[in-house]
Each structure stands twice: as structure tokens, then as C-alpha cells.
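Asks: Quick check, what structure comes out for this input:
(chains A, B and C)
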Amino acid sequence: MLPLVDHHCHGVLRSDPDDAAFEAFLTESDAPAAPGTSFFDTQLGFAVRRWCPPLLGLDAHCPPERYLARRRELGAQEANRLLLSASGITTFLVDTGLPGDLTSPAELAEASGAAAREIVRLELLAERVAEEVRDPDKFLAALADAIAAAARTAAGFKSVAGYRYGLDLCPEPPGPAELRAATAGWLAAGAGRITSPVLLRHLLWSAAGTGLPLQLHTGFGDPDLRLHRCDPLLLTDFIKAVRPTGCRVILLHGYPYHRGAAYLAQVYPHVYADVGLSLTHTGARAEAVLAEFLELAPFGKLLFSTDAYGLAELYVVGARLYREALDRLLNGWTGSGAWSAADAERVAALVSAGNAERVYGA
Amino acid sequence: MLPLVDHHCHGVLRSDPDDAAFEAFLTESDAPAAPGTSFFDTQLGFAVRRWCPPLLGLDAHCPPERYLARRRELGAQEANRLLLSASGITTFLVDTGLPGDLTSPAELAEASGAAAREIVRLELLAERVAEEVRDPDKFLAALADAIAAAARTAAGFKSVAGYRYGLDLCPEPPGPAELRAATAGWLAAGAGRITSPVLLRHLLWSAAGTGLPLQLHTGFGDPDLRLHRCDPLLLTDFIKAVRPTGCRVILLHGYPYHRGAAYLAQVYPHVYADVGLSLTHTGARAEAVLAEFLELAPFGKLLFSTDAYGLAELYVVGARLYREALDRLLNGWTGSGAWSAADAERVAALVSAGNAERVYGA
Amino acid sequence: MLPLVDHHCHGVLRSDPDDAAFEAFLTESDAPAAPGTSFFDTQLGFAVRRWCPPLLGLDAHCPPERYLARRRELGAQEANRLLLSASGITTFLVDTGLPGDLTSPAELAEASGAAAREIVRLELLAERVAEEVRDPDKFLAALADAIAAAARTAAGFKSVAGYRYGLDLCPEPPGPAELRAATAGWLAAGAGRITSPVLLRHLLWSAAGTGLPLQLHTGFGDPDLRLHRCDPLLLTDFIKAVRPTGCRVILLHGYPYHRGAAYLAQVYPHVYADVGLSLTHTGARAEAVLAEFLELAPFGKLLFSTDAYGLAELYVVGARLYREALDRLLNGWTGSGAWSAADAERVAALVSAGNAERVYGA
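Replies: Model (predicted):
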């Protein structure tokens, strides 16, 4: 089994979710399922029921209630161990910017027998700095220090500017006066969730200056974002502007605009595309979606991830769906003579791990 | 054969169309086919020639002229009866807002041996009220009465704001002064086709207040619309704004933005997606298009329809393409182990009828 | 083997490219591949290695170095002859507007044993006129003469307004004052690369007046363009405005917005869609991409091309990928009964050559 580097994921819940909480992890919605419907009745829900019950000693596709009962019986720690160790992921790059009682990268590594490094979420880093420092000039200095400090150990940075504003940001770094004004305004208003495009741009450009890879959320996610403002192509001018810094830009997810992400990965040497959430949530359709990435993305520019969060099941499903989708595609292409078997093997190793190792030095 | 609830269709021509009129129903174009080409040479044209000739005693794929001759020989009434009764549709929800000598819901029900209810088109309703009442305040009161009256019997409302303006409408209901001014201006100018975004928004919010499901045209249609302004994602802010009213929003068609429609159906509990026109017009590709809907749409949120209009053939084709596409997809997924057979059967029943029954109480 | 009319391509290099230059033709990027990656590791690179080595006496999928060595051994002229004559293309319509030491249409015809006609690129034509005439009024008159002269022999015109500005141009022709001012400004500034939307619109409308087909670049291309501003749907208002002139508009490429291009080809009698670059670059996925064109495009409105440029390999690959994709699609559809075999044969002949012959009188 090919080793997998999961270059974008989150921690796992330390304790048992109740049934409603479990179901909530199967969707990007922020609300319970509509009356008469269930989020188990989704491609992701069916994928969980396909791959996970056998790992806990049950039949594939057993009813959700039975699976949840068995999971509770085992307890969070044992369920996490059984599931994570079956994922076949050898390295996790963990975005630690999500809330909840989640495992740290070190705990995730321990539970799964894998390596783990941290991806630092820029917006959260800045919001935390502001908890301590409320003077604008001192804040900006402290933020620069915090980013520099993070860069010494992190594998990369991540931005959720797409959620907070949209990707249709002005591409240039903000000027000093503009930045100071936006910073002062934000701090004076209580330094809550950063939504100012000026501050978001400052974070992007600060990260770009460190030389570490910069992950950007693009494409679908929870209803906090407006999907049409998360088309990765909206980043084109930022990508052009940041090119001289040498910053490598990793476009996460991208669905349903993933063909555009793959295009950007082809035409800009510093841009990479990620499959992430786009496979996990599309389940039985993961093969079709992965195939669309593999139209324009150079094979040295596409990266596997799960974007798993909260449930250990999501690592299992993200990894299995990816493996199976890739196998089926490559078997089809070698079977028809379109690709050679040696090339297929080489490309599988690149997308599964090699590209991430090259980009992150992971 | 699974019963089908066709939650969005129109009436059938009462009399025989001539050959040119028949061909015109095979396309969304408003003009004859370009010199040297024919609208029979489309996926829809080929699907009609596949499924309909055998129902009239001819060979599948017989030449269009032969089919049209046989149809004329039988007469509109008999052809309609033969075709409609073979569609397997058990309930029609009929948008009565299209022009032409079309059957009423009751006539459609009788011709097909099925049940039928009405979907009231908001723009037409308002335009009809204006034929009687030209004073702005009296018009707005009469419109409110007409919407309330319609809500007592209709299964739902439908808006073509996408055609008339685009879906990039201001999401909020218009204020009273704004509404009165737009109404007065429209009435003074002769109360023709409503294109004022203020009036269109008022209609949407009026319908939302009734508690009935609200169908919105999204995606492709005739050249009266600009397709890129009919991306359902442009409705995101309206969807957020209308959420507290409890209004259920049904995104019709959606193609080629149907993945976005499916996304909205996942993240907003009050949003549903429809396959409609997206399958009828793509013929041999209906399976691929349906599969894209089934990536992010929860299975309790997707609804079958034909959007059939004028020709009884379009009900047959819409239903057959859908059934065959669904069968092939589900057989593929159960065959590979991705889905269980029991789940596949359950999902088929939901999309074919169960979801519509729940949403419309049909 | 079906004859192919390649209605949009460019010339072939007269001399041997070195290895880096060869690789650069495999991508739309303007830069070398990122460190550790290669543009041979793309669908296009793999397609070249599949189809071309056997034509030069090597095994399919042999390593790039071996192929390049063999190519050098044969020399550019012999390699071009072997490759081009194997493409099965019987007519080339050659856009002569690209730089480089490329064969003329006559040379391409001779090297391949096919016919060739010219497609005149509007922007280059205007830039060349400005090399001689720097007075605004005289320039506009000379440009009109040059367009009229070109129209007497060319098969059609081509615009790269999508690259130079974007397709979100004002749809109407510029007024005389606006045009004169933009022309004077451009000439005074040295008459470089035309990027003025006013001048670009003037070129489009001037070409429309000749009655020749007008090709427009849409969709992906090199990073000189912003992809989201090359969505063919952005041309909708121009298409409506130009309709009364009778100008036939050919939407080139279109990917990833090719479903929108196919839609426009359905609803507007004067609009056609092209597969071009969308198949060449997607390699093993060409079948899936072609299928998406064949959802809404009437079969009398879709045209084959390679958009090949520089390397004779790109004609081979463009033609083979297209033929194989079409064969597989049609075999699938006739196999399932969705299409008749006679229809499949007829549609294949239309898209491969018949539609281009009708449109260009080629």
C-alpha cells in the first residue's frame, strides 16, 4: 500500500461525539438536516458506512445507529486508534486552527503511528496575538514576530481569507497607512474574527515572506463562505503579484472550481492543487472528481489530503476514497494504453506523497 | 417501475404541432436551426427518436419525418394519451405560466391517468392582476390577495426572476417606498413583462411568506436569459436572508451550475435541487449529469422533474432518461460495493417521489 | 479513417527545438516547470509519448530523452513529414498570428499532403498596419482596407480579445469619437500590443462586417489571460448584438467553460463551438471533455480542431485523441441503444469535417 502524506488535515475529537454531533461532521452545513432527511444519506455518509464498520468489527453498510453504538462501546480513544491506524497515512500536516477538543499534532501522530507537523492558520495566529497586544504598532510588530516564530517550526501556513472575505481580494500587499488604519480599527472594535480584506492581505503577504508554503482555502466549505467568491481563479492576480517572492501557493479543495485550480497549477510554477475535501465529500464520485483534477494539473503539482476533522472516520474515508479512485483511474488509463504502467506507478507515488515531501520538505 | 412525481412541468399542446413547431420544442433556441443543421440532431432529438417511436408503433430511431407523419396520423389527442400514459409519472405539478394552447393540470391528469396540481408562476400572476388594477396601492393589495388565494390551492410558487433580470438580485425585500415607486413606474408604463428587480424581489418575498415551496429557475434556458447571471450560487444571499421565514427554496435545473445547486442543497436546510431540464436536454449524457448532482446533494434534497412543455414526448423522454440514468448509476455503485442495494433502492424512491411528497405534501 | 478538417491550428517549427523548447510546447505555462517537476508529466506529455514514438520507429511511452534524440537524428523536416502525414488531417485552417519560425499555410500543406487556408488574426493585422501608418484617420482607413483585402482570401478571422482584455467587453461597436480617441492614444504611445477594449471591439465589428466566420479565443490559454474573464458566456451580449449582421461566431476551446460554449451554440443560430485545445491538453480525459461538449451543442454546431502550434506532435496528438474519444463515445451510445449506428456515423462526419466545410466553405 502506497504511503500517504496528508498535507492538510485537522485534529480528532478527544472524546465521544453524541449522535447528532457525529452526523454534523458528515456535512458542511451549520444546521441539523432538514425535517425528514439525514446527513447520513449523502455520499460521505455512505462512504463512512462502507469503509468504517469493518474496522470496528461490523458489516459494511450496517445502519448508522448500530455503528454509533459500537463506536461508543469501544470509546473514543480505541475507536480513534483502530480507525487512524488503518488509514495508511504516514505523515499528517495538521492545521491547528479549528476549534473543539481536538488532538494536537503530537497526539494525532501517537494515535496513528505516523509523523505529524503543524500548519499554522494565519487568522487565528493574528487573533491570538491581539488577545495580548492592543496597540496597533505593537500588534503589527508582535504579529511579525509570531509569524517568524511559527515559520521556524511549522510546515506551512494556511489562510481562510476565502471564508472571511472572498478570494476577490486586492492582489497587492496593503500600504503602511492602510494597514495601520485597518489594524487600529479592528483592535478598537474588540479584535474579533478578522474579516478586513486589508488585514487578510497583510497576513497572506507576511506568510509569503517566510518562504514556507501557503495553503489557501478555495472552493466549497460551510455556509460561512459564498462559494462563487471562493473560485480559485479569483486569486489569479494575487498569484501573479506574489510570484517574485518565491512563495508556493497551495490551492486547497477547489470543488466545483477544481479544474480552474488545476489550470493555475499548470501555468504558474509556484502554484499547486490539492484534492482534499473534494474527494471526501463526493464519495462514490471521487474517481470522477479526481479525474477532473488530472486533466490540466501537472502530475508533479497535485497533492493528496483528507481535510479530515473531528472524526477519525474522515481520515479513513478520505484515504480510501482517494486510493480507490486513483487505482481505478490509473488501471483504466494503463489498460487502454494511454499511460504506461511505470508512469502510472510513478504518478501515484508523486500525488500520494512525493509532491508533498518536495513542497514541504516533509 | 418506480412511481414518479414530476414536480415541475407544463401543459401539453392540445392540437398537432406542424413539423417546424415540433422541432422548435427540441431546443431552447428562439430561432430556426442554422442553415444545414437541425434540432433533431441533438441529444434531445436523438432521445425522442429512441424512446417515442416504439410507443406509436414504429422502430426506435426511425427518421423524424416518419415519426411526425405517424403522429399526425394518430392525432394530438391519441398521441398524447399513448405517450403520457407510458411515462410512468403518477403526479404532475404543473407550472401554468407558459403561453400556448396547452392542457390545464386537470386535462393533463385525465390524459395521463395521473394526479395533477398547480404551481403558480408569480410574474404571470402579477401581470394578470395588473390587467384589472392600475392604481399602485390597489394593485399591491390585489396582488397580496391573489397570492394568498393561490396559496390556498397551489402546490407551490415559481419565479422566473433569472430570466427577467438575473439571480444577482439584492437579497432583501424591497422597502415600502422603493416598492411603491417601482410599482407605479411599471403600471404607468403599461404593466408589461415585469423586469424590475424591485418587483421581482417583492414577488419572491411575498411567496416566501405563504409557507409554500418556492421554485426558482436557475441555469440554462432560452436566450431570453444570460446564463452566467443564472448561476444558482448568485442566490446565496437571498437564501440566507429568506431562511428565517421557513420558505423552502427549490433550485430548478441549474445546469451547467448544478454542482453549485447541489452544494446549496447540502449546506442550507431549506434548499432543494431539481434535475429537470438538465437531464432532458443532455440525453445520452443524463447519467453523467445526474451523477454530478449526486456528489454534494443530500439524497433527501434532490427532486425529479421533466420540465416538459408542449410535446408529450418530453414527458416520456424526461422520465426515461432519468430512470435509466439512475439505474445505471445505482447499479454501478452497488456493484462496486460503494452503496448497499437497500440504500440504493431507498434513495431511488426518495429522488423519484418521496422528496417531492415531503416538500409539497403532494 | 474519417477525413479531418482542422479549422484552427498554427504553423510548425521549421527547425529542431532543443529539449527545453520542446517541453515548453507541452504546456500553456510561460515558465520552466517547477523544480523537481516536468511538463512531460502531464496528460499532454503522456499523450505525445503514446502516439508519436511509434511514428518515428520507437516504442510507445519510451522515455522523453530517447524520443527527443530520435527526433534530432531524423531532423525537423523528416520528423515533421512523418508526423504530419500520419495525422489524417486533410485540411488545415492556419491562424498565422503566432510568432516563431513557423511554416506558412502553404508549407504546412506541402509537408502534410493536405490543403491549407489562412485564418487572419485581427490584432496582429492591425499592429502591422500601424507599423506603416501612424495618423489615426489614415490608420483606420488602412485597417479597413487591410481587413477587406484579407477577407478576399482568408477562410476566416480570429480574435484574441480574451487574452488582451477579457471577454467582458462592451458588446456594441465603439462610436466614431471613442474609436478615434482610442486609436490616436494607442498610436501616440507607440502602437504596441493592442489592449484597448475600444480597439478590440472595433476589430471584432470590422470582421463581423465581412461575412467571414469569426473565431474567438475562449477558455484556458497561457498566463497572459485571466481565465475567469475568458468564460464564453461573457460574450452573450456581443453575440446578441452581432446577430443581425449574420456574422458566424466560433467559440474556440472554451475549457473549463465548454458547457457554456455548447449552450451558446444551441441557442444562437450564428454561434459554433470548437473542441481544440480542450482535448489536446486533457489527453486520457479527452473522451470525458468531448462528452461534455456533446451535451448541449447541436451536432451541426461543433467543430474539430487541434490548435497545434510549433510541434508536429501536437497535430498527431490532437487528431488521435479526438478520433479515439469520439469512437469510444459513439460506440458507447450505439451499444446502449441511445443512438443508432447510422446517426453516430453521420455525427462523426459532421464534427470531423462537414460542419467546418459548411461554415468556412472549406
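Asks: Check what pLDDT the nearest residue to A:Trp51 once chain neighbours are set aside gets.
Replies: Distance criterion C-beta to C-beta, 6 or more residues apart in numbering or on different chains; nearest residue to A:Trp51, sequence neighbours excluded, is A:Arg320 at 4.8 Å. (Each C-beta comes from the backbone N, C-alpha and C, glycine too.) As predicted, A:Arg320 sits at a pLDDT of 98.
Asks: near chain C, which residues of the stretch 151-300 of chain A show up?
Replies: Neighbours of chain C within the stretch 151-300 of chain A, by C-beta under 8 Å from any C-beta of the partner chain: A:231, A:233-234, A:236-237, A:240, A:259-260, A:263, A:266-270, A:291-292, A:294-296, A:298-300.
Asks: What does A:Gly221 show for phi and psi?
Replies: phi -180, psi -160 (degrees, to the nearest 10).
Asks: how far away is it from A:Tyr163?
Replies: From A:Gly221 over to A:Tyr163 the distance is 6 Å, taken as C-beta to C-beta, to the nearest Å.
Asks: Now list whatever residues contact both of these two.
Replies: Common contact partners of A:Gly221 and A:Tyr163 (C-beta atoms under 8 Å, 6 or more residues apart in numbering or on different chains): A:Cys230.
Asks: The residue nearest to A:Trp51: which element?
Replies: For A:Arg320, the enclosing helix or strand under DSSP states H and E is helix A:312-335.
Asks: Show me what that helix is packed against.
Replies: Here helix A:312-335 touches strand A:4-9, helix A:43-51, helix A:76-85, helix A:276-280, helix A:286-296, helix A:341-349, going by 3 or more C-beta pairs under 8 Å, 6 or more residues apart in numbering or on different chains; DSSP states H and E.
Asks: One more pass at 7 Å, please.
Replies: helix A:43-51, helix A:76-85, helix A:276-280, helix A:286-296, helix A:341-349 (3 or more C-beta pairs under 7 Å, 6 or more residues apart in numbering or on different chains; DSSP states H and E).
Asks: quick one: the third one to chain centroid distance?
Replies: Spelled out, that is helix A:276-280. 9 Å (C-alpha atoms, centre = their mean, to the nearest Å).
Asks: for that helix, packing partners?
Replies: So helix A:276-280, by 3+ C-beta pairs under 7 Å, 6+ apart, packs with strand A:249-253, helix A:286-296, helix A:312-335.
Asks: Export it to PDB, keeping only CA atoms.
Replies: The C-alpha coordinates for helix A:276-280 follow below in PDB (Å, rounded to 0.1, in the frame of the first residue of the first chain):
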ATOM      1  CA  GLY A 276      -8.800  17.400  -0.100                       C
ATOM      2  CA  LEU A 277     -12.400  17.900   0.700                       C
ATOM      3  CA  SER A 278     -13.300  17.400  -3.000                       C
ATOM      4  CA  LEU A 279     -12.900  13.700  -2.700                       C
ATOM      5  CA  THR A 280     -14.000  13.100   0.900                       C
END
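Asks: pLDDT of it, averaged?
Replies: What helix A:276-280 shows for mean pLDDT is 95.
Asks: Ok, the longest one next?
Replies: When pLDDT is averaged over helix A:286-296, the result is 98.
Asks: tell me what that helix is packed against?
Replies: In terms of contacts (3+ C-beta pairs under 7 Å, 6+ apart), helix A:286-296 is packed against helix A:258-267, helix A:276-280, helix A:312-335.
Asks: Go through those and name the closest to A:Leu252.
Replies: Comparing these against A:Leu252 with C-beta to C-beta, the closest turns out to be helix A:276-280 (5.3 Å).
Asks: Next, the buried residues of that closest one.
Replies: By neighbour count on 16 or more other C-beta atoms under 10 Å in any protein chain shown, the buried set for helix A:276-280 is A:276-280.
Asks: Turn those residues into a markdown table, including distance to A:Leu326.
Replies: Shown next, in a markdown table, are these (distance: C-beta to C-beta, whole Å):
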| residue | distance to A:Leu326 |
| --- | --- |
| A:Gly276 | 14 |
| A:Leu277 | 17 |
| A:Ser278 | 13 |
| A:Leu279 | 10 |
| A:Thr280 | 14 |
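Asks: and A:Leu227, how far is that from B:Asp222?
Replies: Distance from A:Leu227 to B:Asp222, by C-beta to C-beta: 26 Å.
Asks: Any chance you could note which residues of the stretch 151-300 of chain A sit beside chain B?
Replies: Applying C-beta under 7 Å from any C-beta of the partner chain, one finds that the stretch 151-300 of chain A approaches chain B through A:220, A:222-223, A:226-228, A:256, A:281-285, A:288.
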